[in-house]
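In: Fold the stuff below for me.
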Amino acid sequence: MSKQQALAQRLMAEFQPHFVKVENESYMHNSGKGANSHFKIVLVSDKFNGIRQVARHRLIYQLFAQDLANGIHALALHTYTLTEWQNLQGNYPKSPTCAGVGL
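Out: Take a look at the predicted model:
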């Protein structure tokens, strides 16, 4: 199982999401081929009802604390309640190109 799949599986178990997407964006950085250092997570869960973005992010950082200490360099987090997600019509921000790529 890839790191990307493992992260998605853990998110599914912890958050029972309406929608989850995990993208390995390591190729967009100076991480080297096959790296598992940068991930984008889009997560829609009822567990986010009534809590602010910072608290939502903390929940994910806690879930992946060991991963962040052992190889994952960055997580781009996009967390939504079901209502927020429906209002966005399933659209979420695209990631910018890393300024350090190709240096």
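
In: So in the protein, which helix runs the longest?
Out: helix 3-15 (DSSP state H).

In: Downstream of that helix, the next helix or strand is which one?
Out: strand 19-24 (DSSP states H and E).

In: And that following strand, how far out from the chain middle?
Out: 6 Å (C-alpha atoms, centre = their mean, to the nearest Å).

In: Against which helices or strands is that strand packed?
Out: helix 3-15, strand 38-44 (3 or more C-beta pairs under 8 Å, 6 or more residues apart in numbering; DSSP states H and E). For glycine as for every other residue, the C-beta is placed from the backbone atoms N, C-alpha and C.

In: residues making contact with stretch 35-50?
Out: Stretch 35-50 is contacted by residues 2-4, 7, 11, 15-29, 31, 56, 59-60, 71-82, 84-85, 92, 95 when judged by C-beta atoms under 8 Å, 6 or more residues apart in numbering.

In: Can you check the pLDDT for the spatially closest residue to Q9 that is not a sequence neighbour?
Out: Nearest residue to Q9 in three dimensions, chain neighbours excluded: M1, at 7.6 Å (C-beta to C-beta, 6 or more residues apart in numbering). On pLDDT, M1 comes in at 86.

In: before we move on, what about K40?
Out: With respect to pLDDT, K40 scores 94.

In: returning to that earlier point: what is the neighbour count of the residue nearest to Q9?
Out: 7 (other C-beta atoms under 10 Å).

In: cool, and Y61?
Out: 13.

In: Could you verify my assumption that it touches L75?
Out: Yes: with contact defined as C-beta atoms under 8 Å, Y61 counts as touching L75 (7.4 Å).
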